[in-house]
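Peer 1: have a look; sequence and predicted model below, questions after that.
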Amino acid sequence: MYDKDNPEFWRNLNPKTIITLNDTQAIEESMEEGEGVKGIDYILKYILKIKQSDNLAEWLLLNLEGDEQDMWLVVKIVDQEMSLRVYYEAPEFEPGNRQDMIDREEYWLFQEPEDIDNFEVDELQFAKQIEHNVQEEDQEEEVLFHQKSQGEMYGTCTSHPPQSSLENTLATVVEYSIEQDYKNPELLVLEIGGRNGSMGGFIRLMLGAEINFSEVDVLPA
């Protein structure tokens, strides 16, 4: 019997593992699709492993392939303490590097530089607050996500299976949350690569929620 409370279990997962999400949102989605009261099965495609530079934290980002939508199951490990979050990539946000964001005038993603006429895109800090429009019960509402107290966290990224473009690459993880009662109160900004005067790394923006370990079933490959 596998031990979901052991970080080594998650570190040792392999692609093609079947992961079933049984959280409230997964069950609601299953019911909406006429599949009854049950979880949703996903296939683990690959894992991004990010270890913070001072070894205080570690993130395992499991990319899950589903019939309707791909998801991310993120395992955060701090010492022996773990938490699970399920994210989806915000469909209205087009991933890209920092220069792409500036070219598209998506300045909201960053803090304003000291000199707006003379700055390096790779030196910009991510915004302390991010506004986002959410759909709740057929109504659109604007919510404000606040950057968590730990701020921007930096580490080294590897991948499983290995991808040459991702091995030992700089990664930046920025976590946000909101206080409102909203089904996806967590926001994650993930940047892979960048620095040293470049156009920046590849940025993803994800929305999601924390779930319990009992809401995930794993059938290792």
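Peer 2: Looks like it arrived, so ask away.
Peer 1: quickly run through the sheet partners of the lengthiest strand in the chain, with directions.
Peer 2: Longest among the strand segments of the chain by residue count, using DSSP state E, is strand 40-52. Each strand pairing with strand 40-52, determined using DSSP bridges, is listed with its direction: strand 18-21 (antiparallel), strand 58-65 (antiparallel), strand 153-160 (antiparallel).
Peer 1: now what about the helix or strand bottoming out on mean pLDDT in the chain, what contacts it?
Peer 2: Ranked by mean pLDDT, DSSP states H and E, the helix or strand of the chain with the weakest confidence is strand 129-136, at a mean of 82. Residues outside strand 129-136 that contact it (Cβ atoms under 8 Å, 6 or more residues apart in numbering) are 90, 108-109, 140-147, 176, 182-184, 187, 189, 207. In this view, the C-beta of every residue, glycine as well, is placed from N, C-alpha and C.
Peer 1: rewinding a little: out of the strands paired with strand 40-52, which one sits most buried?
Peer 2: The highest mean neighbour count among the strands paired with strand 40-52, using mean count of other Cβ atoms under 10 Å, belongs to strand 58-65: a mean of 21.
Peer 1: confidence score at D117?
Peer 2: Each residue has a pLDDT score; the one for D117 is 86.
Peer 1: and it, that's in a strand?
Peer 2: No. With DSSP: H, G, I helix; E, B strand; the rest coil as the criterion, D117 is assigned coil and is not in a strand.
Peer 1: now the longest strand of the chain: mean pLDDT?
Peer 2: 96.
Peer 1: and it, C-alpha only, in CSV?
Peer 2: Coordinates of each C-alpha in strand 40-52 appear next as CSV, following Å, rounded to 0.1, in the frame of the first residue of the first chain:
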residue,chain,number,x,y,z
ILE,A,40,-12.0,12.1,-12.8
ASP,A,41,-9.1,10.0,-14.1
TYR,A,42,-5.9,11.6,-15.5
ILE,A,43,-2.7,10.3,-16.9
LEU,A,44,0.6,11.7,-15.5
LYS,A,45,2.4,13.2,-18.5
TYR,A,46,5.5,14.6,-16.9
ILE,A,47,6.7,16.2,-13.6
LEU,A,48,8.5,19.5,-13.1
LYS,A,49,10.6,19.3,-9.9
ILE,A,50,11.6,22.7,-8.4
LYS,A,51,13.9,22.9,-5.3
GLN,A,52,14.3,26.2,-3.6
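Peer 1: for PyMOL, what selects the buried ones among the contacts of strand 129-136?
Peer 2: For anyone working in PyMOL, the buried entries among the contacts of strand 129-136, judged by 16 or more other Cβ atoms under 10 Å, can be selected with:
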select buried, resi 90+109+143+145+147+176+182+184+187+189+207
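Peer 1: out of the contacts of strand 129-136, which sit inside strands?
Peer 2: The strands in this structure, assigned by DSSP E, contain E140, E141, E142, V143, L144, F145, H146, Q147, Y176, L187, V189, L207 from these.
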